[in-house]
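*Asks:* I would like to see how this sequence folds:
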Amino acid sequence: MDAAARRAVGGLFEGIYRVIMRRNSVYVTFVILGAFAGERAVDYGVHKLWEINNVGVSSLMFYLQSDYLTSICYMCICLSCVLRDMYEWLM
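*Replies:* Here you go, the predicted structure:
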């Protein structure tokens, strides 16, 4: 097989290489945009799957989340008081 025939047989991967991977700037841009698009697609899919599986549970989840956040705030306040008391005791 001569060189011209080998180049014609290159196919899909040869075309992808010529378009995307030949220059470093184009390749890096392709990778960054692909990662961003992939992240958005996965986020959208997981969000829709979560909504489909939790139909009618949203009010319960809101209540649990608000209660959970309130308890976290109380724990942070108590922890800061304990740390302040320990600091005063040590000094």
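*Asks:* Near I20, how many other residues are there?
*Replies:* 14 (other C-beta atoms under 10 Å). Just so you know, the C-beta spots here come from the backbone N, C-alpha and C atoms, and that holds for glycine as well.
*Asks:* list the contacts for it?
*Replies:* 26-27, 30 (C-beta atoms under 8 Å, 6 or more residues apart in numbering).
*Asks:* That one and R40, how far apart?
*Replies:* Per C-beta to C-beta, to the nearest Å, I20 is found 20 Å from R40.
*Asks:* M21 now?
*Replies:* 23 Å.
*Asks:* and if you look at V55?
*Replies:* Per C-beta to C-beta, V55 is found 24 Å from R40.
*Asks:* These two: who's more crowded?
*Replies:* Between V55 and R40, counted using other C-beta under 10 Å, the more crowded position is R40 (10 against 7).
*Asks:* Tell me the confidence at the more buried one?
*Replies:* We have a pLDDT of 92 for R40.
*Asks:* ok, now I77?
*Replies:* Listed pLDDT for I77 reads 71.
*Asks:* One more: the one 5 residues further on?
*Replies:* Confidence per residue is given as pLDDT, and for V82 that number is 68.
*Asks:* could we number from 169 for the rest of this?
*Replies:* Got it, first residue is 169 now, which makes that one V250.
*Asks:* so who does V187 touch?
*Replies:* V194.
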